[in-house]
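# Based on what follows, work out the 3D shape:
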Amino acid sequence: MRRGGLTVALMAGALTLSGCASMSTLDWDLRPSAGFSTSDAARAATAARPAPDARGVISYPGYQVVVAQRGERVADIASRLGLDPGALARHNAIGPDATLRGGELLVLPSRVSEPEGLSSGAITTTPLGPGATAPSVAEPVRHTVERGESAFTIARLYNVTPRALADWNGLPADMSVREGQILMIPVATQTIAQAAAGAPLNAAGVTAAETAPATTSQPGQGSPTPVPPSAATPLPASNPARSGETAGTTAATPPVADMGAQRTEGPRLAMPVQGRIIRAYAQGRNEGIGIGAPEGTDVHAAAAGTVAAITQDTDQVPIMVIRHENNLLTVYANIDNIRVARGDRVSRGQSIATVRHGDPSFLHFEVREGFDSVDPMPYLQ
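Numbers count the residues shown, from 1 in each chain. Next comes the predicted model:
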């Protein structure tokens, strides 16, 4: 989703972001959570991150990363690996004195040689490049975070779950990322298996079969839905002629629906803020609408539901997601003075925040049916 040329956080699922919750128990799959959990499906989609060596280094043919220990500084890791602290810090858009989380990744600016046979402190470095004897492994794609991106939009771009992206990169519980940070994109389990079987991989760690036009999807468009076994056999032709019927015999006409008896109640969603639509919905470019309103105007919940997530993009712009009945989500961005917390129940029309300062000031509002963004206007009219 984009607002004014900047990508806004996508949280198209029931997100349970909590600093005290176990990451392994969260359902990071961006699919419906009403009535069932997709945690197992999310975990099965991608392989686990490879284990590092004794130094904390994971080596790929084209680059290396180091896994930080809790409380380590960037400078500590650089000293341990024989790297220049400033170079390591600049390469990862972080300060040399920054304290890292346990499991957080840093991409090395130059390659460190294997430690076997070396004395302590004798680690040498070489320019990054494919190793001469590198095994056929699935090398993850690297993504450099741009301004306005979030972990959720990046996950959607590569068709992986935010949960897998967080696990591979040691992201914090609030899924925050920083501009210039380099993320490893999780590798699909199938790709790992094909690499182990000797299937040739391209520079992105993808087999030739996976890049065939028949099965390739553009980033952000999702994967084709597999056909269930029950649909493998063609269905019989509809309304087949019964034995004894003549060509002039027609089937009974079904009754016409009484349109006057259908519900004529108001719109399904209430306008979250009163104002003029200054940015229309455009799928793939602006996956919501911009509603112009003065700074400080109250923002209201479009329908009753539960606050599923409150986070920020890399510009520190707050974003709120509310989960409603029937697998519906509403997303509110460009907000300030948030008055609810994650997990709170909200009622239709309840004040949840105010419009953030801007030029112009406006509310970015999205409606999502499960994983997919839809035009909010039919819900509001």
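# and the closest residue to Met175 other than its chain neighbours, backbone torsions?
Leaving aside its sequence neighbours, Met175 sits nearest to Ala151 (CB to CB, 6 or more residues apart in numbering; 4.3 Å). The C-beta positions use only the backbone N, C-alpha and C, and glycine is treated the same way. Main-chain torsions, Ala151, degrees, to the nearest 10: phi -60, psi -30.
# Could you do the one 3 residues further on as well?
The main-chain torsion angles of Ile154 are listed as degrees, to the nearest 10 and equal phi -70, psi -40.
# got the end-to-end distance for stretch 315-331?
17 Å (CA to CA, to the nearest Å).
# quick one: average confidence on that stretch?
Averaging pLDDT along stretch 315-331 gives 90.
# quick one: buried residues of it?
Going by neighbour count (16 or more other CB atoms under 10 Å), the buried part of stretch 315-331 is 317-324, 327-331.
# now do stretch 271-286
Buried positions in stretch 271-286, judged by neighbour count with 16+ other CB under 10 Å: Met271, Pro272, Val273, Gly275, Arg279, Tyr281, Asn286.
# Repeat that for stretch 177-187.
Quick answer for stretch 177-187 (16+ other CB under 10 Å): Val177, Gln181, Ile182, Leu183, Met184, Ile185, Pro186, Val187.
# Those in strands, which ones?
Judged by DSSP state E, those include Ile182, Leu183, Met184 as members of strands.
# what about Gly71, neighbour count?
Per other CB atoms under 10 Å, the neighbour tally for Gly71 reads 10.
# show me what contacts it?
By CB atoms under 8 Å, 6 or more residues apart in numbering, the contact set of Gly71 is Thr99, Leu100, Gly102.
# Give the ChimeraX command for selecting the buried subset of those.
Per 16+ other CB under 10 Å, the buried members of those correspond to this ChimeraX selection:
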select :100
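# out of the contacts of Gly71, who's nearest Thr354?
Thr99 (34.0 Å; CB to CB).
# ok, what's across the strand from the closest one?
Per DSSP bridges, the residues bridged to Thr99 are Arg73.
# How confident was the prediction at it?
On the pLDDT scale, Thr99 gets 93.
# Quick one: residues contacting it.
Thr99 touches Gly71, Glu72, Arg73, counting by CB under 8 Å, 6+ apart.
# Now for this protein, the helix or strand with the poorest mean pLDDT.
Across the helices and strands of the chain, mean pLDDT, DSSP states H and E gives its lowest value to strand 6-7, namely a mean of 36.
# pLDDT weak spots in the stretch 151-300 of the chain?
Confidence mapping of the stretch 151-300 of the chain against pLDDT under 70 gives the ranges 189-265.
# can we see that at 50?
191, 193, 199-251, 253-264 (pLDDT under 50).
# what sits against the residue nearest to Met175?
Contacts of Ala151 (CB under 8 Å, 6+ apart): Ala9, Pro162, Leu165, Ala166, Leu171, Met175, Ser176, Val177.
# mind running it again at 10 Å?
Applying CB atoms under 10 Å, 6 or more residues apart in numbering, we find Ala151 in contact with 9-11, 28, 145, 162-163, 165-166, 169, 171-172, 174-177, 183, 311, 313-314.
# elements contacting the strand or helix carrying Thr330?
Taking DSSP states H and E as the criterion, the element that holds Thr330 is strand 328-333. Packing partners of strand 328-333 (3 or more CB pairs under 10 Å, 6 or more residues apart in numbering; DSSP states H and E): strand 305-312, strand 318-324, strand 351-355, strand 362-369, strand 372-374.
# Just give me the lowest mean pLDDT stretch among these.
strand 372-374 has the lowest average pLDDT among those, namely a mean of 86.
# Can you name the next helix or strand after it?
Next element after strand 372-374 (DSSP H and E): helix 377-380.
# other SSEs contacting that following helix?
strand 289-292, strand 362-369.
# Which of the ones you listed has the highest mean neighbour count?
Most buried of those by mean neighbour count (mean count of other CB atoms under 10 Å) is strand 362-369; its value is a mean of 24.
# partner strands of that one, parallel or antiparallel?
strand 289-292 (antiparallel), strand 328-333 (antiparallel), strand 372-374 (antiparallel).
# Out of those strands, which is closest to Ala304?
Counting by CB to CB, Ala304 lies closest to strand 328-333 out of these; the figure is 10.9 Å.
# That closest one versus strand 351-355: what angle between them?
Put simply, strand 328-333 runs at 40 degrees to strand 351-355, going by axes from the mean of the first three to the mean of the last three CA atoms, to 10 degrees.
# Rounded mean pLDDT for the next helix-or-strand element following strand 328-333, please.
From strand 328-333 onward toward the C-terminus, using DSSP H and E, the following helix or strand is strand 335-336. Mean pLDDT, computed over strand 335-336, is 94.
# Remind me what strand 335-336 packs against, helices and strands.
Using 3+ CB pairs under 10 Å, 6+ apart, strand 335-336 is in contact with strand 318-324, strand 351-355.
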